[in-house]
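Visitor: What shape does this take:
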Amino acid sequence: MGDHHRTGRIAKAMRLYHTVKYLNPRQIRYRLWYALRRKVRKLTRFSYPLEIPARGIPLVWENGIDAYPCYENGTFTFLNLSKTFEERIDWNFSGYGKLWTYNLNYFDFLNQPGMTKEEGLKLIEDYMESMRGLKDGLEPFPIALRGINWIKFLGSHAIRDDKIDANLRAQYAILMDNLEYHLLGNHLLENGFSLLFGACYFKDDTLYAKAREILEAELEEQILEDGAHFELSPMYHQIMLYRVLDCINLLQNNPFRNDGLSELLGDKAGRMLGWLKNISYRDGSIPLLNDSAEKIAPTGPELFDYASRLGIETEKLPLGESGYRIKKTDRYELVMDVGKIGPDYIPGHAHADTFSFELRVDGKPLIVDTGTSTYETNERRRIERGTAAHNTVEVEHTDQSEVWGGFRVARRANVHDLVESDDSIKAWHDGYLERFGAKHYRQFECDDNKIIIADRVESTKPLECAARLHFHPEVDVTIEKNMIQCGTIIIQADNASIEIADYEYAPQFNRRMRAKVALLHFEKSMKVEIVL
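Guide: I've put the predicted structure just below:
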């Protein structure tokens, strides 16, 4: 028993080491600083003021994108879960998990269709009265999003209110003192977007200087050459693009400084639009790669319409650095992942899905990603991030990249020797090299009416290998010998035994549907032909 526990402790220590070693030095520095400061402030009973006298000027806000309806008569609905507060709103309600509580504190509902000035002010006033007892709501990320939503609402209704201004200015002081340098990625970028809104609303040079510093540095870092957001989630790409367009809208209608920031935002928006156009299906929807789900971000068509209203043109760029590739013919759309899992120092929204793919035929989903239904640190989250939840090869029942703890990754798969042409793409990854001495090679060959996927696991010892094909819930799947039939579509597997099982497809948060998955067991190599 002692040896077993010792081995377990060593394994956990190694996993932590392989996680921490990728962190950016700034992340480590700020994590230590914030932790130390928290302890000191607890001893000194420090608390932030919740009012700072300031006068805001309602901004011109129009032609934006409405928020998804999420509030009606005391009932809030986020992530497909509803909660009705009969009397006072419990802004700390945690019964549905932290992400739901965050959404409650974002105040997106202020900018949903049909929200009246009177109802919105009532909700803001209730929140301000509850602020001293807030928990999650005073963390920097919800402060940042709430600031944007309050400022949009105040501008849309031309509201001047000294009490709201004093409270909002105090929230921005808290945000400035807790910028998310310990996390970086989309969190810090959201901080910057919000500071720009706050700067324009309060005509505040200090907020503007910090906003510009963050946005210039982070947009250069986070928007890749092919226009993708570097966390490689199509959903987060849509959210970040939405914020960039909002900032362009903000500065077009409320000029503050003529220092090139508008031009930078316009350039990044054009590139991001180009990537979104490339990666989207013909109906405008996105593949559910990495942490992606429906009904969270504005849709592609909404974003393109918004950009058009702002006079932002889509830049034509080929898919490249993001590692995603898409093949479109008259019959099918095939999205392939042959890149990194995400940025080394912030892979929290990454899945262990190297060489996975999605396939649509005649405009309908056939083979899909399992999706994302939760951000809670639980078994479901582990399953959805794991290799077995994706359309790629799993070796020895082990994830290619060590995803753990909800948003962490230790050792991770790296792609090598990528070779591609118009109709073929091949590469190998090293996710299993250190642990099993194995390399996984995959090649996609695309014809007008046929797709061939060839897998080879090169190792010095026999290994148990399994590829998976996750079918959309509406697809009827039958099997005969080594052939899978989906209506008129035939999938033939050579050198593999096929097993059909159930899995849960999760296109939205907290919404799962029963569907079929094909497990293709093989030893060293296998070839799958999808004949349309």
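Visitor: CA only for contacts and neighbour counts going forward, please
Guide: Will do.
Visitor: Could you list everything Val361 pairs with in the sheet?
Guide: Tyr332, Lys364 (DSSP bridges).
Visitor: and Ile89, what does it touch?
Guide: Ile89 sits next to Asp126 when contact means Cα atoms under 8 Å, 6 or more residues apart in numbering.
Visitor: if I look at it, how far off is Ala350?
Guide: 34 Å (Cα to Cα, to the nearest Å).
Visitor: Which segments of this protein make up each domain?
Guide: For the chain, automatic domain parsing gives the domain ranges 1-40, 59-178, 185-318, 324-531.
Visitor: Quick one: closest of the ones you listed to Ser47.
Guide: domain 59-178 (9.4 Å; Cα to Cα).
Visitor: what residue ranges in the chain score low on pLDDT?
Guide: Applying pLDDT under 70 to the chain flags residues 1-5.
Visitor: So the residue nearest the centre of it versus Asp165, what's the distance?
Guide: Among the residues of the chain, the one closest to the centroid is Tyr236, at 3.8 Å (Cα atoms, centre = their mean). From Tyr236 across to Asp165, the span is 30 Å (Cα to Cα).
Visitor: Ile346 now?
Guide: Applying Cα to Cα to Ile346 and Asp165 gives a distance of 34 Å.
Visitor: ditto for His470
Guide: On the measure of Cα to Cα, His470 and Asp165 end up 51 Å apart.
Visitor: Out of these two, name the residue with the larger neighbour count.
Guide: Per other Cα atoms under 10 Å, whichever of His470 and Asp165 has more neighbours is His470, with 28 against 22.
Visitor: residues touching that one, list them.
Guide: His470 makes contacts with Ile367, Val368, Asp369, Thr370, Ala389, His390, Asn391, Tyr503, Ala515, Lys516, Val517, Ala518, as judged by Cα under 8 Å, 6+ apart.
Visitor: any chance of those residues in CSV, plus secondary structure and distance to His229?
Guide: Below are these laid out as CSV (DSSP: H, G, I helix; E, B strand; the rest coil; distance: Cα to Cα, whole Å):
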residue, secondary structure, distance to His229
Ile367, strand, 25
Val368, coil, 22
Asp369, coil, 19
Thr370, coil, 21
Ala389, helix, 23
His390, coil, 21
Asn391, coil, 23
Tyr503, strand, 30
Ala515, strand, 31
Lys516, strand, 32
Val517, strand, 30
Ala518, strand, 32
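Visitor: residues touching the nearest residue to Ile341 once chain neighbours are set aside, list them.
Guide: In space, Ile341 comes closest to Ala350 once its chain neighbours are excluded; the distance is 5.6 Å by Cα to Cα, 6 or more residues apart in numbering. When contacts are counted by Cα under 8 Å, 6+ apart, Ala350 touches Glu231, Leu232, Ser233, Asn290, Asp291, Ile341, Gly342, Arg385, Phe407.
Visitor: what's the spacing between Ala350 and Thr372?
Guide: In terms of Cα to Cα, Ala350 sits 11 Å off from Thr372.
Visitor: now swap in Trp428 and tell me
Guide: Distance from Trp428 to Thr372, by Cα to Cα: 26 Å.
Visitor: Now list whatever residues contact both of Ala350 and Thr372.
Guide: Asp291.
Visitor: all helices in the protein, in order from the N-terminus.
Guide: 2-20, 25-44, 98-106, 117-130, 140-156, 162-177, 185-202, 205-222, 234-253, 261-279, 300-310, 379-385, 433-436 (DSSP state H).
Visitor: Same list, these, but as CSV with distance to Glu523 please.
Guide: Listed next are these as CSV, based on distance: least, Cα to Cα, whole Å:
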stretch, distance to Glu523
helix 2-20, 28
helix 25-44, 42
helix 98-106, 41
helix 117-130, 60
helix 140-156, 47
helix 162-177, 54
helix 185-202, 39
helix 205-222, 40
helix 234-253, 34
helix 261-279, 33
helix 300-310, 41
helix 379-385, 24
helix 433-436, 14
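Visitor: closest one to Cys70 among those?
Guide: helix 98-106 (9.3 Å).
Visitor: Give me the buried positions along the closest one.
Guide: Residues of helix 98-106 classed as buried: Leu99, Trp100, Thr101, Tyr102, Asn103, Leu104, Asn105, Tyr106 (neighbour count, 16 or more other Cα atoms under 10 Å).
Visitor: Contact partners for the first one?
Guide: Leu99 is in contact with Tyr375, counting by Cα under 8 Å, 6+ apart.
Visitor: where's it relative to Arg381, distance?
Guide: 13 Å.
Visitor: now do the fifth one
Guide: Going from Asn103 to Arg381 by Cα to Cα gives 19 Å.
Visitor: Ok, the third one next?
Guide: Distance of Thr101 to Arg381, given as Cα to Cα: 18 Å.
Visitor: same check, this time on the fourth one
Guide: Taken as Cα to Cα, the spacing of Tyr102 relative to Arg381 amounts to 18 Å.
Visitor: now do the second one
Guide: Taking Cα to Cα as the criterion, Trp100 is separated from Arg381 by 15 Å.
Visitor: who does the residue lying closest to Val395 once chain neighbours are set aside bridge with?
Guide: Spatial nearest neighbour of Val395, excluding adjacent residues (Cα to Cα, 6+ apart): Cys465 at 4.6 Å. Here Cys465 sits in beta bridges with Val395, Phe522, as judged by DSSP bridges.
Visitor: Contact partners for Cys465?
Guide: Val393, Glu394, Val395, Glu396, His397, Val457, His521, Phe522, Glu523, Lys524.
Visitor: which of these has the most neighbours?
Guide: Val393 (31 neighbours).
Visitor: And for the nearest residue to that one once chain neighbours are set aside, the neighbour number?
Guide: The spatially closest residue to Val393, leaving aside those adjacent along the chain, is Ala467, at 4.2 Å (Cα to Cα, 6+ apart). Using other Cα under 10 Å, Ala467 is surrounded by 23 other residues.
Visitor: what sits against Leu179?
Guide: Contacts of Leu179 (Cα under 8 Å, 6+ apart): Pro140, Leu188, Asn191.
Visitor: distance of it from Ala211?
Guide: Distance, Leu179 to Ala211, using Cα to Cα: 11 Å.
Visitor: ok, now Leu184?
Guide: 14 Å.
Visitor: Please say which of the two ends up with more neighbours.
Guide: Applying other Cα under 10 Å to Leu184 and Ala211 shows that Ala211 carries more neighbours, namely 23 against 19.
Visitor: For the closest residue to the more buried one other than its chain neighbours, give me its contacts.
Guide: Closest residue to Ala211 apart from its sequence neighbours, by Cα to Cα, 6+ apart: Gly192 at 4.6 Å. Listed by Cα under 8 Å, 6+ apart, the contact set of Gly192 reads Lys210, Ala211, Arg212, Ile214, Leu215.
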